[in-house]
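**Q** My questions are about this predicted structure, shown below with the sequence.
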Amino acid sequence: MVSGSHELANVINLAEEAAFEKAVLNSPVPVVVDFWAPWCPPCRLQGPILEELAERHSNQVRVVKVNTDELQGLARRFEIEAIPTLIIFDQSRQKTRLVGLQSREQLEKALDL
């Protein structure tokens, strides 16, 4: 478990911005970062899809959730203008940015799974 985070079902919920580097940039596997907020209906639909993705591909991908209401600095850093926004990081670099609700199949394609 990453310090400054809460983990459930292979999904890391960041609790503080300082945990981002360890959870995302130092990850040995690709990471889907979900920028979301609890008041956003599409974000609430995206959550179970990401959990399913993490369960199916637990050795190949990590999911990190960033609540934009709580971690506004990260939202600004990555210029999040709409939610949900998913950014895929691979080897510490942004690979893909997806805006709006994404299916598991769309995510698997973006991750080459």
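**A** Done, it's in.
**Q** Would you indicate which residues of the lengthiest helix in the chain are buried?
**A** As assigned by DSSP state H, the longest helix anywhere in the chain is helix 41-56. Using 16 or more other CB atoms under 10 Å as the test for burial, helix 41-56 gives 43, 46-47, 49-51, 53-54. Quick note: C-beta positions are derived from backbone N, CA and C, even for glycine.
**Q** Likewise for stretch 105-113?
**A** Across stretch 105-113, burial judged by 16+ other CB under 10 Å covers 107-108, 110-111.
**Q** quick one: which of those sit in helices?
**A** 107-108, 110.
**Q** can you list the residues you listed in TSV and add pLDDT and distance to residue 59?
**A** Formatted as TSV, these follow (pLDDT from 0 to 100; distance: CB to CB, whole Å):
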residue	pLDDT	distance to residue 59
107	96	16
108	95	14
110	95	18
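**Q** coming back round to it: closest one of the buried residues of stretch 105-113 to residue 89?
**A** residue 111 (10.8 Å; CB to CB).
**Q** shouldn't the closest one be in contact with residue 29?
**A** No. Using CB atoms under 8 Å as the test, residue 111 is too far from residue 29 to be in contact (9.7 Å).
**Q** Now for those two: what residues contact both?
**A** Shared contacts of residue 111 and residue 29, defined by CB atoms under 8 Å, 6 or more residues apart in numbering, comprise 60-61.
**Q** Now distance to residue 20 too, for the buried residues of stretch 105-113, in JSON lines please.
**A** JSON lines is the format used below for the buried residues of stretch 105-113 (distance: CB to CB, whole Å):
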{"residue": "107", "distance to residue 20": "20"}
{"residue": "108", "distance to residue 20": "24"}
{"residue": "110", "distance to residue 20": "20"}
{"residue": "111", "distance to residue 20": "19"}
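**Q** right, and the pair among those with maximum separation?
**A** Using CB to CB, the two most remote members of the buried residues of stretch 105-113 are 108 and 110, lying 7.4 Å apart.
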